[in-house]
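# here are the coordinates; sequence isn't available:
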């Protein structure tokens, strides 16, 4: 004899109620499906209109994306900066400008990475020849009359440019100048410096830094 008849009856009741709720839900779902089917039979143009609407929206999205990409290519290919314009930028905007110049020159994956914990790198890019670039940007609001970029900044970049960021080309870029000790340090460590003069040529023209001889040109494949 069961010691808990009330509990068993409660469980049976709960199970019956759950079954009724499930059946009721199925009846409602079937009614909704039937109503939708009746509506579509009475209005066959509705699904056609929905398909055309969705298809038109998708086509418009594709056209917009292609147009935006085309204009971005035109903009990047014609990108120019005057030094006076670069001087007025915020230091973060200066990093974005350097990134855009790298993109203009064929480094499609150029990204701005400067910020907290950047380990000395502000822009990273891969050029069309497969070389990994690590760029440090040093912006001076007063341009050439601003403080020269010194050896400590170059030492910080040199300690991470190749070991941490795996750079093939490690470049500090400034709209000002480098100190004498920084120039000596750069020569000893194979750092390529882009000072205000070189930046002006690069930003206002259409040639990449390797064509301006600011950095070594890419190695040509050996002749067959």
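That came through fine. Since the structure is predicted, the reported quantities are computational estimates derived from the model, not experimental observations.

# pLDDT wise, what is the residue nearest the centre of the chain at?
Closest to where the C-alpha atoms of the chain average out (CA atoms, centre = their mean) is residue 111, at 5.8 Å. pLDDT for residue 111: 96.

# Where does pLDDT dip in this structure?
1-15, 49, 61, 63-77, 117, 220-224 (pLDDT under 70).

# Residue 16: how many residues sit nearby?
When counting by other CB atoms under 10 Å, one arrives at 10 neighbours for residue 16. Glycine gets a C-beta too; all of them are placed from N, C-alpha and C.

# counting contacts, what elements does the helix or strand that contains it pack onto?
For residue 16, the host element (DSSP states H and E) is helix 5-42. Helices and strands touching helix 5-42, by 3 or more CB pairs under 8 Å, 6 or more residues apart in numbering; DSSP states H and E, are helix 45-77.

# List the buried residues in the following helix or strand past the helix it packs on.
The C-terminal neighbour of helix 45-77 among helices and strands, as given by DSSP H and E, is helix 83-87. Across helix 83-87, burial judged by 16 or more other CB atoms under 10 Å covers 83, 86-87.

# Can you lay out those as CSV showing distance to residue 32?
Conversion of the buried residues of helix 83-87 to CSV gives the following (distance: CB to CB, whole Å):
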residue, distance to residue 32
83, 68
86, 63
87, 66
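
# What is the nearest of these to residue 35?
The nearest member of the buried residues of helix 83-87 to residue 35, counting by CB to CB, is residue 86 at 65.6 Å.

# and the residue lying closest to the closest one once chain neighbours are set aside, how many neighbours?
Residue nearest to residue 86 in three dimensions, not counting chain neighbours: residue 175, with 5.2 Å by CB to CB, 6 or more residues apart in numbering. Neighbours of residue 175 under the rule other CB under 10 Å: 27.

# Surely residue 175 is in contact with residue 84?
No - look at residue 175 against residue 84 with CB atoms under 8 Å: they stay out of range, at 9.9 Å.
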